[in-house]
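>>> Can you look at this prediction? I've put the sequence above it.
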Amino acid sequence: MKYFIFKNFTIEYLFKNTDAEFSGYEDVSYFNKNSDAFMFLYFLPLDFYKNSQHVLSQIRSKVNYLLEVLPKNKPFYLFTIENLFKYQLVESKREHEQDLFDYNFFLYEQGKKHPQVKILNIDSFYKMHDFSDLINWKFFYTYNTPLSPDLSKSFSEWFLNRINKIEHKRKKCLILDLDNTLWGGIVGENGVGGICLGGDYPGNVFSDFQKMILELKAHGVILGLCSKNNLSDAEEVFLNHPSMILKWGDFVIKKINWSNKDQNLAEIAAELNIGTDSIVFVDDNPSEREQVKRYIEDIIVPDFPNEPYKIIPHFAKIFQKYFALYVLTEEDSKKTKQYEQKMLSQNLSKKFLNHDDFIKDLSINLQVSPVNAYNLSRFAQLCQKTNQFNLTTIRHTEMDLTTFMNAGHFLSCLSVSDKFGDHGITGAAIVILDRKKNEATIDTFLLSCRVLGKGIQNAYLVYILNKLFLMGIKRVFTAYVKSSKNSQTERFYDELGFKVLKKTDLNTQYEIVLNEPLKQTDLFVFTGDT
C-alpha cells in the first residue's frame with residue numbers, strides 16, 4: 001500500500017516502515033494520483049489558542065478541498081487533532097477547546113458522509129504515553145518535529161493497528177485457561193468457595209477481567225476454554241459461584257482435561273475450522289505458554305502479569321491490539337451464536353449415515369443478495385479475513401467494491417440459514433463483466449469456514465454461473481491462486497467442469513463455456529436474487 005500524506009510539520013520519521021510520499025508543508029496543491037491511499041496529518045502551532053478558530057478554519061478548508069479533488073475510490077485517512085502544548089495565561093479562557101471539539105466533530109461527520117473517509121483518533125496514541133514525553137523540544141526546534149523521535153516505533157505500531165482495524169484484520173478467537181486466569185486460586189484444591197472472585201482485591205480484578213472478556217464476545221470474538229482441570233470442578237464454578245460474570249454458555253468450545261494444551265488448541269482450531277493464527281491463548285502459567293508457543297508457532301500467546309492489579313491495563317492493550325474493530329457489523333455481533341450453531345450441526349451430522357440426508361435435515365436456505373450500503377462493510381470484511389475457501393485471496397477494500405459496483409460489475413453475497421439459526425453473510429463473489437464480448441471473469445469467490453463441508457460453495461457457484469448465462473454471458477474465466485491456507489480449493493473448479501487454460505505451481509487459469517444452464521442441486525432452497 002502506497003500512501004500520499006499531507007502534512008504541516010516534519011513527520012517522515014513516523015512512517016519509516018510505510019511506503020509513503022509526503023506533501024510540502026501545508027501544501028495541498030499536489031498529490032500523486034497513483035497512490036493507493038491518502039492521509040491528512042496536521043499538528044497545531046504552539047500559539048494555537050490565541051486564534052484557534054482561524055487556525056482550525058484554515059485546516060478545515062484544506063480538508064474540504066481535498067474531499068473534492070481526491071479520488072473517491074481510494075481511502076482518505078483523516079487524523080484528529082489534539083493540543084500538544086497546553087499553555088495559556090488566562091485559565092477561564094477555554095474557547096479554543098470548543099473550537100477543537102468542533103473541528104474533530106467535523107471530521108467524524110465527513111466519515112459518515114463519505115465512504116472513503118476513515119478517522120484515526122490520535123488522542124488514543126497520546127494516552128499511551130506520559131504527556132511530558134510527547135515532545136522532544138530539541139528536535140521540535142531544530143527539525144520541526146511535532147512528536148518526539150523516540151516515539152516513532154510506538155507510533156508505527158499504533159498506526160498499523162488502526163489500519164488493521166479499518167481493514168477488518170483481527171483475530172477471531174480467544175481461548176482461556178481457568179485457574180489463576182479467570183479467577184484467583186485453584187478450584188481443585190481450594191473448592192468453589194475458596195477461589196478469589198468478586199469482593200475485595202484480588203477477586204475484584206478477576207471480576208473486571210471477566211467483564212472485559214464478555215465485552216469481546218459481544219463484539220464478535222469467539223470464546224473458548226482450554227484448561228488442565230476436572231470438568232466437574234470447572235463447571236461447578238460457572239454454575240454455582242455467585243460472582244461469576246462469564247457463563248458456561250458463553251464459550252463455544254471447551255477442552256477441560258489433562259491433555260497437553262498445544263494438542264487441545266490444535267483440536268479447537270480444527271473443530272472450529274479456523275487457523276491457529278486466528279487464536280489468542282491466555283494462560284497464567286509460563287511453562288504452559290512456552291509449550292504452546294513451541295509447538296504452535298503462529299498462535300498468539302501473550303505474557304500474563306505476575307501481580308493481579310496489572311491484569312486489566314495489560315490485557316486492555318492486548319485486546320486492543322488483536323481484537324479491536326473500526327466498525328461492528330451485524331455478523332460480528334452474532335458470531336458466538338453462529339459458531340454454536342456450527343457445533344450443533346457437526347454433532348447432528350454424526351447421527352446420519354448418508355451425508356445428503358443430513359444436509360436435507362438441516363433445511364438450509366441460501367439467500368443471494370446484491371451488494372449495497374447495508375452489507376458492503378461485511379463483504380469487505382470477508383475479503384480481508386477469509387483464507388481457507390478463497391480462490392484468489394485478493395484483499396479488496398470497501399473502496400474497491402464501490403468502484404466495481406459503480407462500473408456495473410456483478411457483485412453478490414450469500415447469507416446462509418438452517419434449522420439451528422441464521423449464519424449471516426458467509427459467501428461473496430465478484431465477477432468482472434465484459435458485455436461487448438459476452439465474457440466474464442470471476443475475480444473473487446469465497447466462503448466463510450463456518451459453513452464449509454455441506455456443498456454450499458458448489459451450489460453458490462452454479463447459481464452465479466446460471467445468472468451469468470441469463471445475462472447473455474457465454475464464456476467465464478477464473479483462476480485458482482495458491483496461498484499458504486487455501487489448498488482445499490485447489491481442485492474446486494476442476495470438479496465443476498472448468499477447463500484448464502494454463503497452469504503453474506502457484507496459479508491455474510480456467511474457463512467454462514456456458515451453452516446452457518447448469519444443473520442445480522435440490523439439497524438447498526434459494527431465495528433472493530442478484
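Noted; the coordinates are in hand.
>>> can you pull the contacts of Asn230?
Asn230 sits next to 188, 256 when contact means CB atoms under 8 Å, 6 or more residues apart in numbering. C-beta: built from backbone N, CA, C; applies to glycine.
>>> Surely Thr397 touches Lys169?
No: contact criterion CB atoms under 8 Å: Thr397 and Lys169 do not qualify, at 11.3 Å.
>>> Comparing the two, which residue is more hemmed in?
Just comparing Thr397 and Lys169: by other CB atoms under 10 Å the higher neighbour count belongs to Thr397, 21 against 15.
>>> excluding its backbone neighbours, what's nearest the more buried one?
Among residues not flanking Thr397 along the chain, Ala380 sits closest, at 5.9 Å (CB to CB, 6 or more residues apart in numbering).
>>> Determine the number of other residues adjacent to that neighbour.
Neighbours around Ala380, by other CB under 10 Å: 25.
>>> Could you give the average pLDDT over the helix or strand that contains it?
Here Ala380, judged by DSSP states H and E, is contained in helix 376-385. Across helix 376-385, the average pLDDT comes to 88.
>>> What helices and strands are in contact with it?
Helix 376-385 is packed against helix 330-333, helix 398-406, strand 410-418, strand 421-434, strand 439-447, with contacts defined by 3 or more CB pairs under 8 Å, 6 or more residues apart in numbering; DSSP states H and E.
>>> Low-confidence regions, this structure specifically.
86-94, 326-355, 528-530 (pLDDT under 70).
>>> Remind me which helix or strand the residue nearest to Asn17 when sequence neighbours are not counted belongs to.
In this structure, Asn17 finds its nearest non-sequential neighbour in Ser156, 5.4 Å apart by CB to CB, 6+ apart. According to DSSP H and E, Ser156 maps onto helix 152-166.
>>> Tell me which residues touch Ile432, please.
Residues in contact with Ile432 (CB under 8 Å, 6+ apart) are 404, 409-410, 440-441, 443.
>>> Compare these and tell me which is most surrounded.
Counting by other CB under 10 Å, top hit in these: Ala440 with 24 neighbours.
>>> Please report how far that residue lies from Gly408.
12 Å (CB to CB, to the nearest Å).
>>> what residues are shared contacts of the two?
Common contact partners of Ala440 and Gly408 (CB under 8 Å, 6+ apart): Leu433.
>>> Mind listing what's buried along stretch 73-90?
73-85 (16 or more other CB atoms under 10 Å).
>>> can you put these in JSON lines and add distance to Glu109 and secondary structure?
Shown next, in JSON lines, are the buried residues of stretch 73-90 (distance: CB to CB, whole Å; DSSP: H, G, I helix; E, B strand; the rest coil):
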{"residue": "Asn73", "distance to Glu109": "21", "secondary structure": "coil"}
{"residue": "Lys74", "distance to Glu109": "20", "secondary structure": "coil"}
{"residue": "Pro75", "distance to Glu109": "18", "secondary structure": "coil"}
{"residue": "Phe76", "distance to Glu109": "14", "secondary structure": "strand"}
{"residue": "Tyr77", "distance to Glu109": "16", "secondary structure": "strand"}
{"residue": "Leu78", "distance to Glu109": "11", "secondary structure": "strand"}
{"residue": "Phe79", "distance to Glu109": "15", "secondary structure": "strand"}
{"residue": "Thr80", "distance to Glu109": "12", "secondary structure": "coil"}
{"residue": "Ile81", "distance to Glu109": "15", "secondary structure": "coil"}
{"residue": "Glu82", "distance to Glu109": "18", "secondary structure": "coil"}
{"residue": "Asn83", "distance to Glu109": "21", "secondary structure": "coil"}
{"residue": "Leu84", "distance to Glu109": "24", "secondary structure": "coil"}
{"residue": "Phe85", "distance to Glu109": "27", "secondary structure": "coil"}
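>>> Just the closest of the residues you listed to His54, please.
Taking CB to CB as the measure, His54 sits nearest to Ile81 out of those, at 14.3 Å.
>>> roughly how far apart are Phe492 and Gln388?
Applying CB to CB, the value for Phe492 to Gln388 is 12 Å.
>>> and Ile256, what is it in contact with?
By CB under 8 Å, 6+ apart, the residues touching Ile256 are 178, 225-227, 229-231, 234.
>>> hmm, back to that, quick one: which of the contacts of Ile432 is nearest to Glu516?
Distances from Glu516 to these, taken by CB to CB, are shortest for Ala440, at 16.4 Å.
>>> Does anything pack onto the helix or strand containing Ala266? Which helices or strands?
Taking DSSP H and E as the criterion, Ala266 maps to helix 261-272. Counting by 3+ CB pairs under 8 Å, 6+ apart, the packing neighbours recorded for helix 261-272 are strand 173-176, strand 222-228, strand 253-257, strand 279-282, helix 286-295, helix 335-349.
>>> Pull out the buried positions in that helix.
261-262, 264-266, 268-269, 271-272.
>>> Repeat that for stretch 38-54.
Neighbour count says stretch 38-54 has 38-44, 48-49, 52 buried, by 16+ other CB under 10 Å.
>>> repeat for stretch 11-19
Neighbour-count burial for stretch 11-19, counted by 16+ other CB under 10 Å, picks out 11, 13-15, 18.
>>> Glu26: which of those residues is nearest?
Lowest distance from Glu26 to the buried residues of stretch 11-19 (CB to CB) belongs to Ile11, with 12.5 Å.
>>> So the residue nearest to that closest one when sequence neighbours are not counted versus Ser154, what's the distance?
Distances taken as CB to CB, 6+ apart put Leu41 closest to Ile11, at 6.0 Å, once the chain neighbours are dropped. Noted for Leu41: a distance of 16 Å to Ser154, by CB to CB.
>>> And for Tyr126?
Taking CB to CB as the measure, Tyr126 falls 11 Å from Ser154.
>>> contacting residues for the residue sitting nearest the centre point of the chain?
The structure's the chain has its C-alpha centroid closest to His168; by CA atoms, centre = their mean the separation is 2.7 Å. Contacts for His168 were tallied using CB under 8 Å, 6+ apart; they are 325-326, 377, 380-381, 384-385.
>>> Noted, bye for now.
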